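Asks: Everything below, folded, please.
(2 chains)
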Amino acid sequence: MREELLAILEKNSRIDFKELAVLLGVEETAVLEELEKLEKEGIICGYHTLINWEKTSIEKVTALIEVKVTPQRGQGFDRIAERIYNYPEVKAVYLISGGYDLLVTLEEKTLKEIANFVSDKLSTLDSVLSTATHFILKKYKDHGTIINKKSVDEREVITP
Amino acid sequence: MRNFLSDKVTALKPSGIRKFFDIVNEMKDAISLGVGEPDFDTPWHIRDEGIYALERGRTFYTSNAGLKDLREEIANYIKRTQGINYNPDNEILVTVGGSEAIDIGLRAIINPGDEVIIPQPSYVSYEPCAILAGAKPVIINLKAENEFRLKPDELLNAITDKTKILILPYPNNPTGAIMEKEDLEAVARIIKEKDILVMSDEIYSALTYKDRHISIASLDGMKERTILINGFSKAYAMTGWRLGFACAPKEITAQMTKIHQYAIMCAPTTSQYAAVSALRNGDNDVEMMRQSYNQRRRFLLNAFKEMGLECFEPYGAFYVFPCIKEFNMTSEEFATKLLMEEKVAVVPGTAFGECGEGFVRISYAYSLENLKEAISRIENFIKKLRKE
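Replies: Down below sits the predicted model:
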């Protein structure tokens, strides 16, 4: 049940216990217990909402920043990652294999704020060797969801 | 002018669904639960393979029996799901949907006057295909108390010395019924004893919600008596690609291939290339869709239980077949009234045979949101009827 439960919640975290129990074919208490476990074990880390900010009047600029760093003795990349992810404007930090080390997603209100973050905060960190900033121009798909997808049922209304 | 039309064709009943379709089609904001095909798009890697085939200019006929690669993948698929060995060289034929396989499979074996046993309620094309092939259809009226499974005594009563073949339509459209191993063994025993064939239409085989589907062809001594029909439409959400297949003993396959060769030539080439990808890389997609259907199935059954609507638990396909006898209306009256008053379209059980009277087919090839809205309308409707 765990895998199926997670698959449902990943798409719709607002679903209630009662409906979950029906869809999974189990008792409500079983769903509650499993959810509690999943939260306690840190498997479910949050119940977020996917927002298409473009459709609001709120301005947001998102950048993906490739960061090359020198790993620190005894702590590898963890220490420098922590120094970066503690900034609230940093939305995601990944350790990446390949040409650079950390991929940082940054969200700000303006381009200038991003520029400032990179030049003042990120580049000045001791172990940061270089950065490359890419601005996101358009989101087509996020969290497995196609943004602006029109769903029209094109099937014939009755078929045998 | 003379009447040029064929008597045999003129005498065929038009599909019971047609009339209803015309009414629903006129209605703007009706919610339909009447569709017999998946709501999912064909998985992208399959579509991509079709596009790639077109880009590379693979736009020619394939061999009559179908691409060798595809036949080999079909053989692997049947081997890994059913443990049956079919020789891709002479026991597998790629057809234009499962429907073509039904048609030519019957035509390949029927002599005038042969009898074809058809359990109903079932898919609409068996009876006309049997008639067009020159056979006499013998109908078995399946019973709700048996969960619409075929029982050995029902089969025995239908068999005469003219019986040639039994059509075994499980997992079933429209009832959602399945046949489990014991059910199949009882039927297989009779088929062998009475020396007849079976056409096993397993188009919904990937969509079962209890144990995995078992093909009657996998039972001892049954491969040589079975025309196994399957396809890509339901499992891989590929209805519009028109691609199915038949697996049968080589003597029968050879005759089917002749008809196919003269009437069809070969199944659509693009679809065949796409289907190779479906069989090679599609298991996860099928499982994802099966899981979704299963959730919706549970949702509907629970909703019916809450509104006190009688319905046996179906373990296959994507249909539920609730009983509406308590309302003292025919299936058609019920469906029409539901459509007019609450704008929800369901299919009267009688579209799938007379014994579908008293039932309606509800498809759950719809999103949960859609089903929720439809269910609340049905609940309203039923409450009104019970007050009347």
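
Asks: For the most centrally placed residue in chain A, which non-adjacent residue is spatially closest?
Replies: Nearest to the mean C-alpha position of chain A, by Cα atoms, centre = their mean, lies residue A:92 at 6.5 Å. Among residues not flanking residue A:92 along the chain, residue A:105 sits closest, at 4.0 Å (Cβ to Cβ, 6 or more residues apart in numbering or on different chains). Yep, even glycine has a C-beta here, placed from its N, CA and C like the rest.

Asks: so after the helix or strand containing that neighbour, what's the next helix or strand?
Replies: Following DSSP states H and E, one finds residue A:105 within strand A:102-108. Once the chain leaves strand A:102-108, the next helix or strand it forms, by DSSP H and E, is helix A:111-116.

Asks: Which residues does that next one contact?
Replies: Defining contact as Cβ atoms under 8 Å, 6 or more residues apart in numbering or on different chains, one finds that helix A:111-116 is touched by A:61, A:63, A:89, A:106, A:108, A:133, A:135.

Asks: The following helix or strand past that helix vs strand A:102-108, what angle?
Replies: Once the chain leaves helix A:111-116, the next helix or strand it forms, by DSSP H and E, is strand A:128-135. Going by axes from the mean of the first three to the mean of the last three Cα atoms, to 10 degrees, strand A:128-135 is angled at 50 degrees with respect to strand A:102-108.

Asks: Pull strand A:128-135 out as PDB, backbone CA atoms only.
Replies: Presented in PDB, the C-alpha positions along strand A:128-135 are these (Å, rounded to 0.1, in the frame of the first residue of the first chain):
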ATOM      1  CA  VAL A 128      33.200  28.500  -4.500                       C
ATOM      2  CA  LEU A 129      35.500  28.400  -7.600                       C
ATOM      3  CA  SER A 130      33.000  29.600 -10.300                       C
ATOM      4  CA  THR A 131      29.300  30.000 -11.100                       C
ATOM      5  CA  ALA A 132      27.200  30.000 -14.200                       C
ATOM      6  CA  THR A 133      23.700  31.500 -14.000                       C
ATOM      7  CA  HIS A 134      20.900  30.400 -16.200                       C
ATOM      8  CA  PHE A 135      17.500  32.200 -16.100                       C
END
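
Asks: who does the one helix or strand the residue nearest to the centre of chain A maps to pair up with?
Replies: Assigned by DSSP H and E, residue A:92 belongs to strand A:90-95. Strand A:90-95 has the following sheet partners, assigned by DSSP bridges: strand A:102-108 (antiparallel).

Asks: Could you check how far the partner strand is from the centre of its chain?
Replies: 11 Å (Cα atoms, centre = their mean, to the nearest Å).

Asks: what's the model's confidence in that strand, averaged?
Replies: The average pLDDT within strand A:102-108 is 96.

Asks: now swap in stretch A:32-48 and tell me
Replies: 96.

Asks: how about that stretch: buried residues?
Replies: Under the neighbour-count criterion of 16 or more other Cβ atoms under 10 Å in any protein chain shown, stretch A:32-48 has A:34, A:38, A:44 buried.

Asks: Would you pull up how far it lies from the middle of the chain?
Replies: 17 Å.

Asks: again, but for stretch B:199-217
Replies: The answer for stretch B:199-217 is 11 Å, by Cα atoms, centre = their mean.

Asks: Would you mind naming what in chain A lies close to chain B?
Replies: A:4, A:7-8, A:19, A:22-25, A:153, A:155-160 (Cβ under 8 Å from any Cβ of the partner chain).

Asks: Filter those down to just the ones in strands.
Replies: In strands, judged by DSSP state E, none of the residues of chain A next to chain B are found.

Asks: Say whether chain A is contacted by stretch B:110-120.
Replies: No - judged by Cβ under 8 Å from any Cβ, stretch B:110-120 stays clear of chain A, getting no closer than 13.1 Å.

Asks: ok, residues contacting that stretch?
Replies: Outside stretch B:110-120, the residues touching it (Cβ under 8 Å, 6+ apart) are B:106, B:126-127, B:130, B:133-142, B:150, B:154-155, B:158-160, B:162-169, B:352-356.

Asks: what's the span of that stretch, first residue to last?
Replies: 20 Å (Cα to Cα, to the nearest Å).

Asks: mean confidence for it?
Replies: 97.

Asks: Name the helix or strand of the chain that has the lowest mean pLDDT.
Replies: I'll assume chain A. Ranked by mean pLDDT, DSSP states H and E, the helix or strand of chain A with the weakest confidence is strand A:145-146, at a mean of 90.

Asks: wrong one, I was asking about chain B
Replies: helix B:16-26 (a mean of 82).

Asks: how about it: buried residues?
Replies: Going by neighbour count (16+ other Cβ under 10 Å), the buried part of helix B:16-26 is B:16-17, B:20-21, B:23-24.

Asks: Run through those and flag the ones next to chain A.
Replies: Near chain A, taking Cβ under 8 Å from any Cβ as the test, the members of the buried residues of helix B:16-26 found are B:17, B:20-21, B:24.

Asks: Taking the residues you listed together, which two end up most distant?
Replies: For these, the farthest-apart pair by Cβ to Cβ is B:17 and B:24; their separation is 9.9 Å.

Asks: List the buried residues of the strand holding residue A:92.
Replies: A:90, A:93.

Asks: who's in contact with it?
Replies: Contacts for strand A:90-95 (Cβ under 8 Å, 6+ apart): A:62, A:77, A:81, A:84-85, A:101-107.

Asks: One more pass at 7 Å, please.
Replies: A:77, A:81, A:84-85, A:101-107 (Cβ atoms under 7 Å, 6 or more residues apart in numbering or on different chains).

Asks: For the chain, just list every one of the helices.
Replies: Picked chain A for this. A:2-11, A:17-24, A:28-40, A:78-85, A:111-116 (DSSP state H).

Asks: that answer is for a different chain, and I need it for chain B
Replies: B:7-11, B:16-26, B:44-55, B:68-82, B:97-109, B:126-132, B:152-158, B:181-193, B:250-263, B:269-281, B:283-307, B:331-342, B:368-387.
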